[in-house]
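**Student:** just a sequence and a predicted model for now, questions to come.
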Amino acid sequence: MSPPVLFLLGAVSLSMLGGMIVWLSSRPRKQRFGHSIHSFNRDLNALAPPRKEAPRGKPGPRPRLHDRPPVRK
């Protein structure tokens, strides 16, 4: 490519980068980073099937790891 074309491409890309920096700095701090990620997660959670609630009351017996009775010393 010719040098004038490369110069124009570089100038355009630098001005776009500067515009993004100015735009980000003008937004409120809460919306600068992670706002879109949190809204994306909220949308995903809305699409997910409902979760089972934990059973209330006294917990049942713990599952045994082996069939044989425990060894007492």
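**Tutor:** The structure has been received and is ready for your questions.
**Student:** confidence score at Gly18?
**Tutor:** In this model, Gly18 is scored at 94, pLDDT.
**Student:** so in the chain, where's the weakest helix or strand by average pLDDT?
**Tutor:** Across the helices and strands of the chain, mean confidence by mean pLDDT, DSSP states H and E is lowest for helix 29-32: a mean of 60.
**Student:** quick check: buried residues in the biggest helix by length in the chain?
**Tutor:** When the chain is parsed with DSSP state H, its longest helix is helix 3-26. Buried residues in helix 3-26, counted by 16 or more other C-beta atoms under 10 Å: none are found. (C-beta placed from N, C-alpha, C; glycine too.)
**Student:** please save the CA atoms from it in PDB.
**Tutor:** Extracted C-alpha coordinates of helix 3-26, given in PDB (Å, rounded to 0.1, in the frame of the first residue of the first chain):
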ATOM      1  CA  PRO A   3       2.200   5.700   2.400                       C
ATOM      2  CA  PRO A   4      -0.700   8.200   2.100                       C
ATOM      3  CA  VAL A   5      -3.200   5.300   2.400                       C
ATOM      4  CA  LEU A   6      -1.400   3.900   5.400                       C
ATOM      5  CA  PHE A   7      -1.300   7.300   7.000                       C
ATOM      6  CA  LEU A   8      -5.000   7.800   6.500                       C
ATOM      7  CA  LEU A   9      -5.800   4.300   7.900                       C
ATOM      8  CA  GLY A  10      -3.600   5.000  11.000                       C
ATOM      9  CA  ALA A  11      -5.200   8.400  11.500                       C
ATOM     10  CA  VAL A  12      -8.700   7.000  11.300                       C
ATOM     11  CA  SER A  13      -7.900   4.100  13.700                       C
ATOM     12  CA  LEU A  14      -6.300   6.500  16.200                       C
ATOM     13  CA  SER A  15      -9.300   8.900  16.100                       C
ATOM     14  CA  MET A  16     -11.700   6.000  16.600                       C
ATOM     15  CA  LEU A  17      -9.600   4.800  19.600                       C
ATOM     16  CA  GLY A  18      -9.600   8.300  21.000                       C
ATOM     17  CA  GLY A  19     -13.400   8.500  20.500                       C
ATOM     18  CA  MET A  20     -13.900   5.300  22.400                       C
ATOM     19  CA  ILE A  21     -11.800   6.500  25.300                       C
ATOM     20  CA  VAL A  22     -13.700   9.800  25.500                       C
ATOM     21  CA  TRP A  23     -17.100   7.900  25.300                       C
ATOM     22  CA  LEU A  24     -16.100   5.400  28.000                       C
ATOM     23  CA  SER A  25     -14.900   8.200  30.300                       C
ATOM     24  CA  SER A  26     -18.100  10.100  29.900                       C
END
